Every structure is written in C-alpha cells, then in structure tokens.
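[1] what's the 3D shape of this:
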Amino acid sequence: MKNFSANGIRFSGDSIRSCIGFIDLVDSTKNTITMDNLEHIRIYYSKFINSLSKIVKSYGGKVIKNIGDCLLVYFPKTSDNKNEQAFREAIECGLKILDSRYDVNQELSKQYLPPFNYRISMDYGILDLALVGDYSQIDLFGSTVNLCSKINSSSLSVANQIIIGDNFYRILKSFSNINNNYNFINNDECKITKTIGYSTYIVKKVNKLSLDNSSTINSLRKKMVGSSTDDFIETKSKKDLFFPQTNNNKRRIILVDDDPDILLTYESFLKGNGYEIISFTDPTDALNYIKDLPNFNDLLITLDIRMNDLNGFQLQQQIKSIEPTIKILFVTILDISDEILTFVPGLSKEQILIKPVDKKLFTNTVKKMLK
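    Numbering: from 1, shown residues only. A predicted model of the protein is given here:
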C-alpha cells in the first residue's frame, strides 16, 4: 500500500463507509470571553469534551478529534449498512446528548458557568482514513466529512436539534422499526453549489401515544381497504419489470435521466456493443434497483445531475455508500466540471460529459471506463 506523508499525516488510501457526526458547542467563544478566570475556562471545556466523549463511547461511537469547540465523532458499526441496531445507537447517542444537557447545565450553574447548547449534524458516506501524530491515531477526511461540517455550520442547523443529511436519512428510512419510532422532518436543502442542493432533516423521537394512535389508524385502514389478488399481481409484475434477472457475464450499464428521449438516445449509442443496459427516469427506482443487485462487477452508471426528488449528486453519494467501487459517469447540461470535482473525490474530468453529448465521445468514454 502506498502511503503519502506530510506534516505528521499519513494518508493510507483506505476508506470506510460509516455514520459521522459533528457536535458543536454553541456560543462558546462568547461565553468564555467574559471569563477572567482561566480555571473556569478549563473546567468549561473539559466538561464539554469529557461528558460528550463518555456518552459517545457508551453508544459504540468514537471521538476522532476536537476542533476548537466542536467534536468529530463516528460510529464504526454502521459500516455494515444492514446493522439496524448500530444506526439506532447513532441516533440515540445524539438524543442522549441533548437530554443529558439539563443535568450538565445544573452542575455548571452551581459553578456560575454558562449552560451548554449544542448543534448536532450527522450523515453517512465514504470516509477517507489517515494516521496522525505518531501514526497511532486515525483521522477522517473526504466529501462526507465536508458535507456534514457544512450542514453543522449552516443556518439550517438549529441549537439543540439533530440535523441529518440525505444519505443518512435514506438508510434510516430503510429500517421499518427506526421509521416507526422516529420522525424525520424536512429541513430544506443545504446549498453545495449555486445549482446543487443537499436535503437535510430534523430527527425527533416519536412519543408512545402518537405511535399507538398511528398503529390504530393503520389497522383500521387495512380492515376498511384490504388488498385484492389483482393488486398483488400488478405489483409483482412491476417489480419484475424493474428488477430483471441479470446476466453476470456481461458488462452492465445503468442509465439514469429524467428525460426518456435522452435515455433512448444513449441506448441507441450503445446498441450492438454487447452491453446489458437498463434505463430509469426515476432516480429512486434506480437506487432501489442498485441496492438489490447481487454484485457490482463490470457495472457503470450514467447520471444526470438536474433531476427531481433525488439529483445526480445525491444519487452518486447514495450509490457510493452502497459500494464505493461502482463506476459513475456524469452526463449533464451544467458546465460545472470544476465544482463537481471539488465535491466528488476520485472523479476525473473524463468522467463528466456535457450535453448534448457526442456519440463517439460517449461510447469511447463508456468503453474506457468498463475496461
């Protein structure tokens, strides 16, 4: 493995998929600037770091570093995106931090110190690993860390609430128990560029009374509506249409664009080259299809960027969370190659084509990427 060393940091080239979080102490500078006793400042920050570190550890998390008045944490067990308990622990960790604030603030008030208020942001995705100091401690880098930090520092992040990014939200929603026990409230988009936004959500725990009422209503609906055999057959046929059997010996291409005419054009470009091709106008359908694939060998996915519900940048993040080695080709009308390269690690300019795309350039790029 090739290592790159600079200023005490060694980049290993390794990466993991995991949940991370930023926990920021709100107004700490304003609070401490009025303290004329250095011992009070030391107690204030020590209480912040130690109390949170203890909670994070109890929920299977690790504190990577403190950045001034902010902690970067991650949850190693969430590297298995099927481990529901690990994801529940990550959410419960954030909620526990908020709940524990009241007891901690009582202790602070006895020492005439200002109370703690937190901004908590969490997300999920690929994390690049590095070793720091004497190379015995890890640090985390990459677009997921940058996005989570951006959410934390944006106006979308409100004190004493948990704000999560779209990648984390979509994984949490895939677990029925988590979906039933937590509310995810749309919190608008965090702007990545002038034209690309990233959805965020506020996490709230469902109280038992609301959950019981919801269960009762759903039960009554089932009794009133029911489901027919015809509905089942129709659903099954649609699933078969979107999830055909895959020939694993062929190189596979998934085309995603909300314009069906463009998809037909791409298919005509690639016809006769021995590829197995499937197209989607709905990015969510494409994502669900990818999740159900038995393997990701010889797979290329072309993505438009400007799509409804789930834009190409968000979809790329979700795909890489499923399997980092999947090849991605952006085909977009937006001439923002440099901006995309800033936020998508490992992407080269050759993997971004501008519409209207030339047939020869398109087919040669696909061929080169699937070598």
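[2] tell me which residues form a beta bridge with Tyr201?
    Ile164, Asn186 (DSSP bridges).
[3] Test my guess that it contacts Phe184.
    Yes - using C-beta atoms under 8 Å, Tyr201 makes contact with Phe184 at a distance of 4.4 Å. In this view, the C-beta of every residue, glycine as well, is placed from N, C-alpha and C.
[4] can you pull the buried residues of the longest helix seen in the chain?
    The longest helix of the chain (DSSP state H) is helix 84-110. Within helix 84-110, the residues scored as buried using 16 or more other C-beta atoms under 10 Å are 84, 86-97, 101, 104, 108.
[5] what about Tyr201 and Phe184, which has more around it?
    More neighbours surround Tyr201 than the other of Tyr201 and Phe184, with 23 against 16 (other C-beta atoms under 10 Å).
[6] hmm, back to that, how far is the next helix or strand after the longest helix of the chain from where the chain is centred?
    Scanning forward in sequence from helix 84-110 by DSSP states H and E, the next helix or strand is strand 118-132. Remark: strand 118-132 is offset 10 Å from the chain centroid, using C-alpha atoms, centre = their mean, to the nearest Å.
[7] relative to helix 84-110, how tilted is strand 118-132?
    Computed by axes from the mean of the first three to the mean of the last three C-alpha atoms, to 10 degrees, the angle separating strand 118-132 from helix 84-110 equals 110 degrees.
[8] Helices of the stretch 201-350 of the chain, start to end?
    Remark: helices assigned in the stretch 201-350 of the chain by DSSP state H, counting those that start in this stretch are 208-225, 229-242, 260-270, 283-291, 312-322, 337-343.
[9] Can you name the residues in contact with stretch 161-171?
    Contacting residues not belonging to stretch 161-171 are listed as 19, 81, 87, 91, 94-95, 98, 119-125, 144, 147-148, 151-152, 156-157, 172, 184, 187, 190, 198-203, 287, 314, 317-318, 321 [C-beta atoms under 8 Å, 6 or more residues apart in numbering].
[10] rerun that using 7 Å as the cut-off
    Stretch 161-171 is contacted by residues 19, 81, 87, 94-95, 120-125, 147-148, 151, 156-157, 184, 187, 198-203, 314, 317-318, 321 when judged by C-beta atoms under 7 Å, 6 or more residues apart in numbering.
[11] Which single one of the buried residues of helix 84-110 is nearest to Ser176?
    Closest approach to Ser176 among the buried residues of helix 84-110 (C-beta to C-beta): Glu84, at 9.0 Å.
[12] Can you tell me which residue sits nearest the middle of this structure?
    The centre of the chain sits closest to Asn167, judged by C-alpha atoms, centre = their mean, with a distance of 2.5 Å.
[13] wait, what's in contact with the residue nearest to Asn183 when sequence neighbours are not counted?
    Spatial nearest neighbour of Asn183, excluding adjacent residues (C-beta to C-beta, 6 or more residues apart in numbering): Lys204 at 4.4 Å. Counting by C-beta under 7 Å, 6+ apart, Lys204 touches 182-183, 185.
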